[in-house]
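J.: heads up, no residue letters with this:
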């Protein structure tokens, strides 16, 4: 009886260590808000991005990491297939400069330099006032389903790493698609 309790305690301890390890790496959404202004949607979201040791080592050796933030809005219809209303992507790039020991985050042609990896990863996971299309895209009284996802874009890696990414799951970094309903 005494050994059964010790074995149960050991199993619970082992499972909790495994679950904490899986939560420490990856991309998880912390918060998300959508505001509708003049039938135009604005997305604000915050992801927590944690790199695994393979990705962190690659970044620190000068390999840029490209992230793809995608958003899509569909109108669900019971009488026909869903209608795609809007689809857009943003490319985010994270680099490391070994001479200055600084990380650089690019959003399009704009970049910001950070002294630590944790600050740079906060910038990668921050989505601020992303405009969803033009005005009058969303009609009042209709319900729309929106999806938001942030993932590492392995197609932008150098060719030898793309080949390694096919067989190695360490190069897979993605959030689960976050979905919500918009009713303007």
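T.: Yep, that arrived. Small disclaimer: the values here were computed from a predicted structure and weren't measured.
J.: Go ahead and confirm residue 96 touches residue 103.
T.: Yes: here residue 96 reaches residue 103: they are 5.4 Å apart, a contact under C-beta atoms under 8 Å. For every residue, glycine as well, the C-beta is placed using N, CA and C.
J.: So between those two, which is more surrounded?
T.: For residue 96 versus residue 103, neighbours defined as other C-beta atoms under 10 Å are more numerous around residue 103 (23 against 20).
J.: following whatever helix or strand that one lives in, which helix or strand comes up?
T.: Taking DSSP states H and E as the definition, one finds residue 103 inside strand 102-107. Once strand 102-107 ends, the next helix or strand along the chain (criterion: DSSP H and E) is strand 110-114.
J.: Counting by contacts, list what that next one packs against.
T.: strand 102-107, helix 117-124 (3 or more C-beta pairs under 8 Å, 6 or more residues apart in numbering; DSSP states H and E).
J.: Let me have the ones you listed in JSON lines, extended by mean pLDDT and distance to residue 57.
T.: Listed next are the helices and strands packed on strand 110-114 as JSON lines, based on pLDDT from 0 to 100; distance: least, C-beta to C-beta, whole Å:
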{"stretch": "strand 102-107", "mean pLDDT": "96", "distance to residue 57": "14"}
{"stretch": "helix 117-124", "mean pLDDT": "96", "distance to residue 57": "12"}
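J.: Distance to residue 72 added to those, as JSON lines?
T.: As requested, these are exported to JSON lines (distance: least, C-beta to C-beta, whole Å):
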{"stretch": "strand 102-107", "distance to residue 72": "20"}
{"stretch": "helix 117-124", "distance to residue 72": "20"}
